[in-house]
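Participant: Could you look at this predicted model? Sequence included:
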Amino acid sequence: MGEVMTHHPIVHPILQPMFETLHTERLVLRPYHLDDAKARWQAIEESRDHLRRYEPEQAASCRSVAESQVWIIRANADWLVRKRFAIGIWIQVTNQYLGGIGLRPREGDDWSVPAFELGYWVRASAQGHGYVTEAVGSVTAALSHCFTCSPCAYPISAVASNVSTSRTSFARMAIGAS
């Protein structure tokens, strides 16, 4: 007879193992290092007008390298306590910074359900090359190795998200709809 999998809530999220670095055919995905601040700031500067429409928080942030450094320190603190995971996307061969992926537990910070909200952005010059599909697919696979995840949730109006996540193992879920 087949094995029955049961859901066991994560009691202490801070003890939950998470990946540190992922490699795909073309990309490296990892938490930010303080010396990534300049590259992150430059990518946001390049893409600020585009980001205003889809990621207004990103567009309003990191107006200088110093602000980018502060953001990285906070993002790394969140990673350590398993509150939120900020993952940078780099091209393996050139080490060019492309953008980022953000994950956070879907049920607040209590991890009562092992499900995540996923968001991402990629610099304007890197759009349309399949980087997001490749990165999201790798993160999805890594999460499934850490624990059984539920599908992601994202605003149904995020058309780019619909396309990229439909190319991976995510299922569509409308959130905030009434």
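Facilitator: Perfect, thanks for sending it.
Participant: Of all the helix elements in the chain, which one is longest?
Facilitator: helix 37-54 (DSSP state H).
Participant: what ranges do the helices span in this protein?
Facilitator: 37-54, 56-60, 65-80, 131-146, 159-166.
Participant: one step back: name the helices or strands packed onto the longest helix of the chain?
Facilitator: The contact analysis (3 or more CB pairs under 8 Å, 6 or more residues apart in numbering; DSSP states H and E) places helix 37-54 against helix 56-60, helix 65-80, strand 97-105, strand 115-122. Every C-beta, even on glycine, is put in place using the N, C-alpha and C of the backbone.
Participant: Redo those as JSON lines? Include mean neighbour count and distance to Asp36.
Facilitator: Below are the helices and strands packed on helix 37-54 laid out as JSON lines (neighbours: other CB atoms under 10 Å; distance: least, CB to CB, whole Å):
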{"stretch": "helix 56-60", "mean neighbour count": "14", "distance to Asp36": "15"}
{"stretch": "helix 65-80", "mean neighbour count": "16", "distance to Asp36": "6"}
{"stretch": "strand 97-105", "mean neighbour count": "21", "distance to Asp36": "7"}
{"stretch": "strand 115-122", "mean neighbour count": "21", "distance to Asp36": "15"}
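Participant: just to revisit the earlier point, list the buried residues in the longest helix of the chain.
Facilitator: Across helix 37-54, burial judged by 16 or more other CB atoms under 10 Å covers 37, 39-41, 43-44, 47-48, 50-51, 54.
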